[in-house]
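> My questions concern the predicted model and sequence given below.
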Amino acid sequence: MEFIPRRRLVLMSGRSHPVLAHQIADHLGVQLSEANLREFADGEIHCRFDASIRGCDVFIIQTHCGPVNDSLMEQLIMVDAAKRASAKRITAVCPYYGYSRQDRKSTGREPITAKLVADMLSSAGVDRVVSVDLHSGQIQGFFDVPFDHLTATPVLETYLRQHVKDIPTDIVVVAPDAGRVKVAERYTEHLGADLALVHKTRPRGSANQVKALHVVGDVAGRCCVIIDDMIDTASTICAAAELLVDAGAADIWAMATHGLLSDPAADRLKASPISRVVVTDTLPVPEHRVFDKLEVLSVAKVIADAIDAVFEDTSVSEIFGGENLA
């Protein structure tokens, strides 16, 4: 007897960001499968898939937004359900990877929670992980399964090229700290712009406070585009913007992949000298955190292209010209 196996892609989503999941499904030309997620009276999460997924290539989309623990646990339960339903391969698609900032020990007696999340996903049964713009590239090494690192750089660069005519002066790409210099350099190469760096420090023992010290590079009379991976409370971005104004910057834009926008980020950004804030939709932005300066770009096609490449066993890095490494 000879059997030619058939491959079937099954796309599922948790409840953290259904809008993005539906956009990804539209780009792929598939329907989202129903996971039937609900809670028991005590808050425990239950999941039961509508149809058989035996032998299927299952992609479970869940961005780890707040409450991050609920989002993460929901994805783990979906992965476990898929494994016990005999899925052939399970890929966890995490547009925003939770706990990514805790990727090393900076002081004694601290956890490395990014590694803990990796261990939980692996224990639940994932065969592959896909994420966008990790806070630190070393997180890929926390996994013993393949990890596909995507980047929102093409989306943000396209936006810049489309709106560069709105800028009366030449632009300079600004790295808000030393850790983002490598990423900022890619933007300068692609856009033919100059590079500047804001040197900052954090008070010891603080998580959401930052002190900008000085600017390295010529920003006087120019439009400064600050490039970061995330905007959480906006302390880093706003401190950098104040320093750039003192250095003579003519205009300031802020661009980031992940718009967490935790309080009081919206108020800080509205009161800051930043004229435009651009993020992507790896995380949902609640209506009460939307403000006039904010623009949200879609990364659905980038994620959909990566899912298609994984399913077809083709190269993911070719989508980004090999420049998707963190």
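Nice, thanks for sending it over. Numbering: from 1, shown residues only.

> Identify the bridge partners of Cys224.
Under DSSP bridges, the beta-bridge partners of Cys224 are Val172, Ile252.

> again but with Phe147, I slipped
Legend: beta-bridge partners of Phe147 under DSSP bridges are Val129.

> right, and Ile171 touches Cys223 too?
Yes. With contact defined as CB atoms under 8 Å, Ile171 counts as touching Cys223 (4.7 Å). (C-beta placed from N, C-alpha, C; glycine too.)

> now the helices for the stretch 201-326 of the chain?
If DSSP state H, counting those that start in this stretch is used as the criterion, the helices of the stretch 201-326 of the chain fall at 235-246, 265-271, 300-311.

> and those helices, which one is worst for confidence?
Lowest mean pLDDT of the helices of the stretch 201-326 of the chain: helix 235-246, a mean of 92.

> Where does pLDDT dip in the stretch 201-326 of the chain?
Within the stretch 201-326 of the chain, the ranges that satisfy pLDDT under 70 run 201-212, 326.

> Run through the strands of it in chain order.
Ranges of strands in the stretch 201-326 of the chain, per DSSP state E, counting those that start in this stretch, are 211-216, 223-231, 251-259, 276-280, 294-297.

> ok so, going back, can you redo the helices of the stretch 201-326 of the chain as TSV with mean neighbour count?
Shown next, in TSV, are the helices of the stretch 201-326 of the chain (neighbours: other CB atoms under 10 Å):
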stretch	mean neighbour count
helix 235-246	22
helix 265-271	17
helix 300-311	21
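
> closest to His17 out of those?
helix 300-311 (10.5 Å; CB to CB).

> contacting residues around that closest one?
For helix 300-311, the external contacting residues (CB atoms under 8 Å, 6 or more residues apart in numbering) are 7, 9, 11, 20, 23-24, 26-28, 57, 59, 61, 91, 93, 95, 128, 130, 132, 148, 150-152, 154-155, 281, 315-316, 318-319.

> I'd like the list of those that fall within strands, please.
Judged by DSSP state E, the contacts of helix 300-311 include Leu9, Leu11, Asp57, Phe59, Ile61, Thr91, Val93, Arg128, Val130, Val132, Asp148, Leu150 as members of strands.

> in terms of contact, does the fifth one touch Pro95 like I think?
Think Ile61. Yes. Counting by CB under 8 Å, Ile61 sits close enough to Pro95 to count as a contact (7.5 Å).

> Common neighbours of those two, please.
Residues touching both Ile61 and Pro95 by CB under 8 Å, 6+ apart: His17, Leu20, Ile303.

> From Tyr96, how far off is the last one?
If I follow you right, that is Ile303. Relative to Tyr96, Ile303 is positioned 11 Å away (criterion: CB to CB, to the nearest Å).

> Find the residues that touch each one of the two.
Between them, Ile303 and Tyr96 have Val132 as joint contacts when contacts are counted by CB under 8 Å, 6+ apart.

> can you list the domains in this structure?
Per automatic domain parsing, the domain ranges recorded for the chain read 9-152+301-320, 153-297.

> ok now the longest one, how far from the chain's centre?
Distance, stretch centre to chain centre, for domain 9-152+301-320: 12 Å (CA atoms, centre = their mean, to the nearest Å).

> ends of that domain, how far apart?
23 Å (CA to CA, to the nearest Å).

> contacts for the helix with the most length in the chain?
Longest helix in the chain by number of residues, with DSSP state H as the criterion: helix 68-84. For helix 68-84, the external contacting residues (CB under 8 Å, 6+ apart) are 12, 14-16, 35, 37, 45-49, 53, 58, 60, 62-65, 90, 92, 94, 98-99, 117, 120-121, 124-126.
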